[in-house]
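Peer 1: With the input below, show me the fold.
(chains A and B)
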Amino acid sequence: MNFNDSPWKDLIELYAVNPVRTIVAEPAYQRLCAQYVSKDGFPAARNLVEKVAVNVQNRMSKALGPTEETSAALELLKRTRAKPDEMEIYHALIVKGYQPNWPPVQQAYFENGYQKLSLPNDFFFSFSTLYEHVASENPVNYSYKHFILKVLTPEDWESSDRNKENLLAKAVYTLVSEKKGHKGFYFPDSQYDNTYTEEKLEKELRDSYIFLQMLQNVMFRPPDQGENYCHFEFTRAHQQLEAEGQVEHRMLFVVAENEDGFILPRDVYPDYDHWFGQVIKRKDVPYIPEVAVPIDADARFQQIKKLIEEKLIALIDAAWYRLVDNVPQ
Amino acid sequence: MAATSVSSSATGHESLAESGARNYLTQEPYDNIVAELLVQLGIEYTSKHGGFKRPIFRLIQDVVRQLTDDELFAFARIEQKGRTGFEIYVNTAGSRDAPIPIQWASQGTFSVIAIFGLIYSFLQSLSKSEERILETPGIVLIDEIDAHLHPSWQQKLLGLLTSRFPNVQFIVSAHSPAMVAGCDRGEVAVLRRDRQTDRFRIEVLQRDFLGATAAELYQEIFEIEDADRLYLEYAVKAGIPEEARDRELATLKSKTQPTEANDLRISELEREKRLVEKAAKVREERLDREQLESTVKDLEEQVGRLQREVARLKTQQPAPQPENPR
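Peer 2: Now for the predicted structure:
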C-alpha cells in the first residue's frame, strides 16, 4: 500500500478525520467506495484501515492533551511492531489525524519514536566464540552443559560444531527472544572477510534498539587471534548510544562467569579498560553461574531463567516503555 | 472410469527406490511412482509368504484405519492381470461387503497409502534387516503433505509418521494450520517474503504450538485475517448509496408483464440488497467487537503502566526502620 497514491491515500485521509461509526454517511467516502469497489485489493485495504482506525480512535479518545496523545500514539505503534505493514497504517492515521495538533516538541518526539519502533530488531546480541587452548571444544559449552540442555534440544547439542559454536550464547539468546517475542540479531561467527563482517555488524547495530552483550573473561584478554569483534561491537554501540544519551538504558550486559570468577581489572588488556569500566560500574549486571554437572541442574536452570527474565528481558521492555512514557511536556 | 489394473513401467528390475530417484531427476509425473508402489504391493503379496500379514500391508491398513476411523478398511484380495499387472481390492466402510479396487478409495486414503507405502519401500531398500525396516534412519521430504487430506487426518498425520518411522527426519511443506497445531519449538518454519529485499527467507518459529487455536495459527503463521471475501466486497458496497438500486428494483417489480430477463435482474438485485444489508449488520457487530478488544488492550496497558509506576515508587521508598525494642 503506497499512501501517496489513490485510493490508499484517500482511505487514510478519510479514516484519519472521520469517526469510524459514521464514516459511511460521508459523501467523500461513498464516492470512494463507488469508484474503487472493483479495484483489486481495495476491499481488503478498506477493512484493514477501518480495523486500525477503530484502535486509534478508541485509544486516542482517552488521552488528554498532546503529551498523553503522543504517548498513546507511540503505545499503539509499539503494539504492532511485529506487523510492519499494519504499523505503517497506524502511523499514517496518526500523522494525518492527530500529529498536526501537537506542539513541535511532541511532533519531533513522535517521529523519533516511530523511527525507533520501526527498527527491525529489539536487541543486538553480542558474544564471543573465542576461547583459549583452541585444541579442544569451546569450554563454555561444557561449563554450562546442563543449562544449555534445558533450553536447547539434545539434537542441538549433538549436531552442533562445539569447537566453533558458543551454545550458551544460543541458549541465552533463545530465552531472551522467546519469552515476549523479542526479535534479536546475532552474528554466529565471522564467515566472510573483515570488511563485510564490519559492514554487516554496523548495519545490524543501527537496526537494533538495545545492545546486549554476554561477557566472558576471554574477551578481555589480548587479541592474539585477530580482531576482537566483541570490542568492535561494544565500541560502535557505545558511540551510537552515547550520542543519543541512552547508554545507561539501552546497553545491557550479562556475565557468563561465576560471580567470583570474573576477570580482575589488572588482567584486562589495557585497550579494553574503557569497555571493562563500563561493565563494572554497573551495580546490577547479572552473572550466570556454571552448570557443568547435572546435580541441582533444575534449580540452577530456574535461577538463571529468573535472572534473565528480571535483569535482561524486563530491561528490554523497560527501555521500550521509557520511549512511550517519557514524552516531554 | 480409470483403469484399475496396474503394471510396471520401470526399466528392467529397478527397485522402487531407484525408479523413484529416476522419476524425480527426470521430473516425471508422481502418478508413475504410485503405480510402481502398487505393483510392488502385488509382487510382495504374490511372491512372498504371509499375504496380507506382511509388514507393509499391516502398516498401511493400520494407519488408514487410525486416520480415517474406518475400522473396516482392509486389503481384500490381489489379482494378477497378465504377466506383470495386478488389481488390488480393498474393503472400506463405504464399500460394504463388496471390495473395491484400491484406486476407487478416496483421494485422501490413496494419498496416505502412497505416503506410507513409499516411505516403507524406500526404507526397505536401505535396511539390512527385514525385521527392522521401520527403524531404518533416513530423511524424507514431502511437499504439500496436507493435499487432499481431511483436516482431522492432517491433525493426526505427523504423529503417525514419526511414531511409525521413529528414526526418520521429516521435512514437510504444508498450507494447513492443522499440520502446525501440536508442533514443538523450532519444528515450524515459515517462508516469508522480505519486504525490503523482496526475497523469501525462512523464519524458524521459536515457540511451541501446544494448545494453539486455529484462529491463532491462521493469524501468526499464514497471516490471514478473519474477514471473508464476501464480507470484504459487500462491506464496501454498503458504503455506496442504495437509491439507484432500490429505484431499479421498484421499477422492475412494478412491470405487469414478467420476462425472464426481468426476473433474473430482480433476483440479482435482491441478492445484492440482502448481502449489502447483511454486510452492514456484520460491520456493526465487528466494530463493536473490535472496540471492545481495543478497550481491553488499553486497560491491560494501563494496568502495566500502573504496575511499573508502583515498582518505581517502591525502589524510591526508604527501607522501613526497625521498631525500637520496648
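Peer 1: Check which helices and strands the top helix by length along chain B is in contact with.
Peer 2: Determined from DSSP state H, the single longest helix within chain B is helix B:260-316. Helices and strands touching helix B:260-316, by 3 or more CB pairs under 8 Å, 6 or more residues apart in numbering or on different chains; DSSP states H and E, are helix A:42-60, helix A:314-325, helix B:229-237, helix B:243-254. Using the backbone N, CA and C atoms, a C-beta is placed for each residue, glycine as well.
Peer 1: now the angle from that helix to helix A:42-60?
Peer 2: 30 degrees (axes from the mean of the first three to the mean of the last three CA atoms, to 10 degrees).
Peer 1: Now do helix B:260-316: distance to the chain's middle.
Peer 2: 29 Å (CA atoms, centre = their mean, to the nearest Å).
Peer 1: Report the angle between it and helix B:229-237.
Peer 2: Using the same axes, to 10 degrees: helix B:260-316 against helix B:229-237 is 90 degrees.
Peer 1: Which strand or helix spans the residue most central in space within chain A?
Peer 2: Centroid check for chain A by CA atoms, centre = their mean gives A:Asp122 as the closest residue, at 0.7 Å. Using DSSP states H and E, A:Asp122 sits in strand A:121-126.
Peer 1: what lines up beside that strand in the sheet?
Peer 2: Note on strand A:121-126: by DSSP bridges, its sheet partners are strand A:184-186 (parallel), strand A:208-215 (parallel).
Peer 1: what pLDDT, on average, does the shortest one get?
Peer 2: Looking back up the chat, that one is strand A:184-186. For strand A:184-186, mean pLDDT is 89.
Peer 1: what does chain B put close to chain A?
Peer 2: Within reach of chain A by CB under 8 Å from any CB of the partner chain, chain B has these residues: B:185-186, B:195, B:206-207, B:225, B:227, B:229, B:231-233, B:235-241, B:280, B:287, B:290-291, B:294-295, B:297-298, B:301, B:304-305, B:308.
Peer 1: Would you list the buried entries among these?
Peer 2: B:185-186, B:227, B:231-233, B:235-240, B:280, B:287, B:290-291, B:294, B:297-298, B:301, B:308 (16 or more other CB atoms under 10 Å in any protein chain shown).
Peer 1: Listing request: residues of the stretch 51-200 of chain B with sub-threshold pLDDT.
Peer 2: B:194-198 (pLDDT under 70).
Peer 1: B:Trp222 looks like it's in a helix, true?
Peer 2: You called it Trp, but residue B:222 is Phe. No - according to DSSP: H, G, I helix; E, B strand; the rest coil, B:Phe222 belongs to no helix; its state is coil.
Peer 1: gap between it and chain A?
Peer 2: To chain A, B:Phe222 is 14 Å away according to CB to the nearest CB, to the nearest Å.
Peer 1: isn't that residue right up against B:Val180?
Peer 2: No - counting by CB atoms under 8 Å, B:Phe222 does not reach B:Val180; the two are 9.0 Å apart.
Peer 1: So for those two, which residue has more residues nearby?
Peer 2: B:Val180 (23 against 12; other CB atoms under 10 Å in any protein chain shown).
Peer 1: That one: what's it in contact with?
Peer 2: B:Ala174, B:Val188, B:Phe209, B:Ala212, B:Leu217, B:Ile221 (CB atoms under 8 Å, 6 or more residues apart in numbering or on different chains).
Peer 1: right, and A:Val176 touches A:Phe123 too?
Peer 2: Yes - assessed by CB under 8 Å, A:Val176 is found in contact with A:Phe123 at 7.0 Å.
Peer 1: residues shared between the contacts of the two?
Peer 2: A:His182, A:Gly184, A:Leu212, A:Ile316.
Peer 1: Find the least confident helix or strand in chain A, judged by mean pLDDT.
Peer 2: Least confident element among the helices and strands of chain A, by mean pLDDT, DSSP states H and E: helix A:194-206 (a mean of 83).
Peer 1: what's that one packed up against?
Peer 2: By 3+ CB pairs under 8 Å, 6+ apart, helix A:194-206 packs against strand A:121-126, helix A:229-243.
Peer 1: Quick check: pLDDT value at A:Val95.
Peer 2: pLDDT, A:Val95: 97.
Peer 1: did I read that right, it in a helix?
Peer 2: Yes - assessed with three-state DSSP, A:Val95 lies in a helix.
Peer 1: what pLDDT, on average, does the strand holding A:Asp122 get?
Peer 2: If you average the pLDDT values across strand A:121-126, you get 95.
Peer 1: now the angle from that strand to helix A:229-243?
Peer 2: Using the same axes, to 10 degrees, strand A:121-126 lies at 140 degrees relative to helix A:229-243.
Peer 1: Give me the residues contacting strand A:121-126.
Peer 2: So strand A:121-126 is contacted by A:169, A:172-173, A:176, A:182-186, A:204-205, A:207-214, A:229-230, A:233-234, A:237, A:252, A:316, A:320 (CB under 8 Å, 6+ apart).
Peer 1: Any of those buried? List them.
Peer 2: A:169, A:172-173, A:176, A:182, A:184-186, A:204-205, A:208-214, A:229-230, A:233-234, A:237, A:252, A:316, A:320.
Peer 1: just to revisit the earlier point, most packed of the helices and strands packed on helix B:260-316?
Peer 2: helix A:42-60 (a mean of 21; mean count of other CB atoms under 10 Å in any protein chain shown).
Peer 1: What would that helix look like as PDB? C-alpha coordinates only.
Peer 2: The C-alpha coordinates for helix A:42-60 follow below in PDB (Å, rounded to 0.1, in the frame of the first residue of the first chain):
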ATOM      1  CA  PHE A  42      -9.400  -2.200  -2.200                       C
ATOM      2  CA  PRO A  43     -12.000  -4.100  -0.200                       C
ATOM      3  CA  ALA A  44      -9.200  -5.800   2.000                       C
ATOM      4  CA  ALA A  45      -7.400  -2.500   2.400                       C
ATOM      5  CA  ARG A  46     -10.500  -0.700   3.500                       C
ATOM      6  CA  ASN A  47     -11.200  -3.400   6.000                       C
ATOM      7  CA  LEU A  48      -7.700  -3.200   7.400                       C
ATOM      8  CA  VAL A  49      -7.600   0.600   7.600                       C
ATOM      9  CA  GLU A  50     -11.000   0.500   9.300                       C
ATOM     10  CA  LYS A  51      -9.800  -2.000  11.900                       C
ATOM     11  CA  VAL A  52      -6.700   0.100  12.600                       C
ATOM     12  CA  ALA A  53      -8.800   3.300  12.800                       C
ATOM     13  CA  VAL A  54     -11.100   1.700  15.500                       C
ATOM     14  CA  ASN A  55      -8.000   1.100  17.600                       C
ATOM     15  CA  VAL A  56      -6.600   4.500  17.000                       C
ATOM     16  CA  GLN A  57      -9.800   6.400  17.700                       C
ATOM     17  CA  ASN A  58     -10.600   4.300  20.700                       C
ATOM     18  CA  ARG A  59      -7.200   4.800  22.300                       C
ATOM     19  CA  MET A  60      -6.800   8.500  21.400                       C
END
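Peer 1: And it, what does it pack against?
Peer 2: helix A:8-17, helix A:65-79, helix A:84-97, helix B:229-237, helix B:260-316.
Peer 1: Residues in contact with it: which ones?
Peer 2: Against helix A:42-60 from outside (CB under 8 Å, 6+ apart): A:1, A:7-8, A:11-12, A:15-16, A:19-20, A:23, A:33, A:36-37, A:69, A:72-73, A:75-76, A:86, A:89-90, A:93-94, A:97-98, B:225, B:227, B:229, B:231-233, B:235-236, B:287, B:290-291, B:294-295, B:297-298.
Peer 1: Near chain B, which residues of the stretch 1-150 of chain A? Just list them.
Peer 2: Checking the stretch 1-150 of chain A against chain B by CB under 8 Å from any CB, the hits are A:20-21, A:23-24, A:29-30, A:32-34, A:36-37, A:42-44, A:46-48, A:50-51, A:54-55, A:58-59, A:62, A:75, A:79, A:84-85.
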